[in-house]
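# got a predicted model here, sequence first, then my questions.
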Amino acid sequence: MQLVDLNPNDQDVINVFSDIDRLINSLYPVATAQSLTVGELNDANVYAIGLKNEDGIIACGAIVKQFDEVAYGEIRRLYVNPNYRNRGLSRRIMQILLHHAGEEQIPLIRLETGPKQIKSIKLYENLGFKQCSSFGAYQDNPQSVFMELGLSQ
């Protein structure tokens, strides 16, 4: 298994983004989805990584630099292939993303997830995230859980 940057021209990246979309659309109304697109992976404010093996991208995540009254990084597309869950891969991806945020001096990390993603919420809480109000373009919505973590500078 190797750590790779997510390349929008890589068919494995396109496949895993399709897998994520199918999962999210099966859990929540499509209208609530505000996902990072494959095309946005080349944007200067996006840092996106994956763990890849012979099966393709088996875990991934991204952090997107944003500004909404304060500078922050938003976690997007955190995902682990169902065949590889419960092995600590989402924690590993999150730790890499949080380390990157520290190196980039991003003071605040935010994310939006859904209430049906209980294991994800537990992971975020374990990493120190606390629930917060909606941010950026998000609206308050019963299908959204907003969380944030302040990073020590």
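The structure has been received and is ready for your questions.
# name the nearest residue to the spatially most central residue of the chain, sequence neighbours excluded.
Nearest to the mean C-alpha position of the chain, counting by Cα atoms, centre = their mean, stands Arg76 at 2.7 Å. Once flanking residues are discounted, Arg76 sits nearest to Leu36: 4.2 Å by Cβ to Cβ, 6 or more residues apart in numbering. Every C-beta, even on glycine, is put in place using the N, C-alpha and C of the backbone.
# next one: Arg110
The shortest distance from Arg110 to any non-neighbouring residue, by Cβ to Cβ, 6+ apart, is to Glu148 (4.6 Å).
# what pLDDT does the spatially most distant residue from the centre of the chain get?
Most distant from the centre of the chain: Glu54, at 22.7 Å, with distances by Cα atoms, centre = their mean. Model confidence at Glu54, given as pLDDT, is 95.
# what residues of the longest helix anywhere in the chain count as buried?
Determined from DSSP state H, the single longest helix within the chain is helix 11-27. By 16 or more other Cβ atoms under 10 Å, the buried positions in helix 11-27 come out as 12-13, 16-17, 19-20, 24.
# got it, and stretch 142-150?
Across stretch 142-150, burial judged by 16+ other Cβ under 10 Å covers 144-149.
# and if you look at stretch 92-107?
For stretch 92-107, a neighbour-count test (16+ other Cβ under 10 Å) marks 92-94, 96-98, 101, 106 as buried.
# what about the chain, any weak spots by pLDDT?
The model of the chain has pLDDT under 70 over residues 30-34, 153.
# format the buried residues of stretch 142-150 as a markdown table; extra columns: distance to Tyr138 and secondary structure.
Converted to a markdown table, these look like this (distance: Cβ to Cβ, whole Å; DSSP: H, G, I helix; E, B strand; the rest coil):
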| residue | distance to Tyr138 | secondary structure |
| --- | --- | --- |
| Ser144 | 6 | coil |
| Val145 | 11 | strand |
| Phe146 | 7 | strand |
| Met147 | 12 | strand |
| Glu148 | 12 | strand |
| Leu149 | 17 | strand |
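# good, wrapping up.
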